[in-house]
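K.L.:
Generate a structure from the sequence data that follows.
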Amino acid sequence: MPFDDLPLEIIQYVFSLCCRRVKFTIPQEPGLGSTHVTLSLVCSRWREIALNTSALWADVVVEYDAGRRRAGGPTASFQLIQNWLNRAGTTPISLYIFVYEASESQVAVISQTLLSSFHISNLRLASIECHHLLLPTNNSDYLESLHLSLHDLGQADIFPRLPEMPSLKRLHLCLHPGDFVDLTNIYLIPWHQLRVFTLSEIHWSSQILFNILQRCKSLVECSLLVKPGYGQHEHDIVLPNMESLVLDIKSGASADPFIRSLTLPNLKSLKITSWNRHLKLPVSTEAIVIMTQRSGFKHLTDFSLCRTEQPVDVRSLLGSMPALKSVELLGSLMFQPGTFDDFSSGTIGPQLEKIRFGVMSDEEIGLLLETVGHRHEKAKTVSNIRPFAFVAGQCTSESDLEAHSQRAKQCGEASHVHVSIIKDCLVLGKTLDWGESDSESSDFSMGSASDEELDLDEESYIDEE
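P.N.:
Residues are numbered from 1 along each chain as shown. You can find the predicted model right below:
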């Protein structure tokens, strides 16, 4: 069947697969041909289909550098981008705008041209070395996801008051609270309706986060960069809907008071980590156990803990997490007598399939490998106990590494389990992985656009990835 004889919906779907997010750079840079424009130039029917497939025009990145030569005023260039976005119609738009060294008047033009008249559901704004911040406008009724980055603000005294965002469910902040003398307006964000909250780059004081989390009863996913403070918190934090929590903790004061204050009855995934995997954090087993007891953790399936200053009591920590399927303990470990027997019998972690342990003694490594076989046999006769699928540990002695590795290989082959013993990752200068890629796909494609590209009657250029 000729392509043009296919149903319209199929052709539109194929077009959408071909067209990716585009980036406009102002001042313009030489770019490559845009797939959107190329499709529209094939023939009159393809042009009509492309222009009337609103989803093709609804994913755009804009980079405006006012400090570069030829930047000038943004009015004309942004009018062209506005024409591009107009083709999206009522389709929800994903719009990322990065502005550098922009003045108040330049930011005002950008806001009026691109943020005030579109059905934007996913918005990412970054203001870098700007005299005036680029923020959502009052036309934010459809906004569901906001990523706000504020860098090198200069003289910023008061955190800006954001507009009403009745549909907002996801918020990502990349800013330094210390840049603002007055943070009062940050508490006016509709925290109560958020389901996802994420911080990046800068650690926030635990007291600020404590005040915010008290307002976040609907949160389901959360990733925080925490700078622990000194002293106890006056109140507890109860987050009944939280399912996934990442705490990236900055070394310094103890994080125990913050951790002990959390009650998360429906948590499924908990990761306590540090941006520097080699640091040992002042987090105690006791604090996590208290949080576990308060929360119940009947649904917790994934747990990860980075290196800590104190050895981790494995039995105390994992004994109250009955639903665990994956555990990662990277610090020094303490195994009470009978702990490996509890793993073998399913007393600890009956559903546990993946184990990633930090540094262990030669004796503990031997016991761990024996446990793999015992657990394999136990799972054959007890239906509610799962055999291990992946087990990894670390040793400190390079001379014993070959022997441990050989025994691990034999153990894995006998029990049909992936078993791995490597040298201490601190010595290697890297971390042990699960054999899976830790890389994430790029958040957005990069490219550049010229002023002519919006006129589809002429040859035009745009950088698209």
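K.L.:
chain center to stretch 298-318: distance?
P.N.:
Computed by CA atoms, centre = their mean, to the nearest Å, the separation of stretch 298-318 from the middle of its chain amounts to 22 Å.
K.L.:
Compute the first-to-last residue distance for it.
P.N.:
12 Å (CA to CA, to the nearest Å).
K.L.:
So which bits of it are buried?
P.N.:
For stretch 298-318, the neighbour count (16 or more other CB atoms under 10 Å) marks 299-308, 312-318 as buried. To be clear about C-beta, it is placed using only N, CA and C from the backbone, and glycine gets the same treatment.
K.L.:
Which ones among these lie within strands?
P.N.:
302-305, 312-313 (DSSP state E).
K.L.:
Specify which member of those residues is nearest to S420.
P.N.:
Ranked by distance to S420 (CB to CB), those are led by S304 at 17.1 Å.
K.L.:
farthest pair in the ones in strands among the buried residues of stretch 298-318?
P.N.:
D302 and D313 (19.8 Å).
K.L.:
mind checking pLDDT for the nearest residue to S111 once chain neighbours are set aside?
P.N.:
Excluding its sequence neighbours, the residue lying closest to S111 (CB to CB, 6 or more residues apart in numbering) is T137, at 5.4 Å. We have a pLDDT of 92 for T137.
K.L.:
Then D179?
P.N.:
86.
K.L.:
returning to what we had before: can you put the ones in strands among the buried residues of stretch 298-318 in JSON lines and add pLDDT?
P.N.:
Formatted as JSON lines, these follow (pLDDT from 0 to 100):
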{"residue": "D302", "pLDDT": "97"}
{"residue": "F303", "pLDDT": "97"}
{"residue": "S304", "pLDDT": "96"}
{"residue": "L305", "pLDDT": "95"}
{"residue": "V312", "pLDDT": "92"}
{"residue": "D313", "pLDDT": "93"}
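K.L.:
Give me the buried positions along stretch 166-177.
P.N.:
In stretch 166-177, counting by 16+ other CB under 10 Å, buried: 168-175, 177.
K.L.:
Make CSV from those and add distance to R375 and secondary structure to it.
P.N.:
Below are these laid out as CSV (distance: CB to CB, whole Å; DSSP: H, G, I helix; E, B strand; the rest coil):
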residue, distance to R375, secondary structure
L168, 46, coil
K169, 41, coil
R170, 40, strand
L171, 42, strand
H172, 40, strand
L173, 43, strand
C174, 43, strand
L175, 47, coil
P177, 47, helix
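K.L.:
Pop the domain breakdown of the chain in here.
P.N.:
3-302, 311-426 (the TED database).
K.L.:
what's the burial count for D424?
P.N.:
Residue neighbour count, defined by other CB atoms under 10 Å, stands at 16 for D424.
K.L.:
Over to V181?
P.N.:
Using other CB under 10 Å, V181 has 10 other residues around it.
K.L.:
Regarding it, what are the backbone dihedral angles?
P.N.:
phi -70, psi -40 (degrees, to the nearest 10).
K.L.:
Which parts of the stretch 151-300 of the chain are helices?
P.N.:
206-213, 256-260, 285-295 (DSSP state H, counting those that start in this stretch).
K.L.:
What helices and strands are in contact with the longest one?
P.N.:
In terms of contact count using 3 or more CB pairs under 8 Å, 6 or more residues apart in numbering; DSSP states H and E, helix 285-295 is assigned the packing partners helix 256-260, strand 262-263, helix 314-318.
K.L.:
pLDDT below threshold where in this protein?
P.N.:
1-3, 29-33, 69-76, 154-156, 230-235, 398-399, 425-465 (pLDDT under 70).
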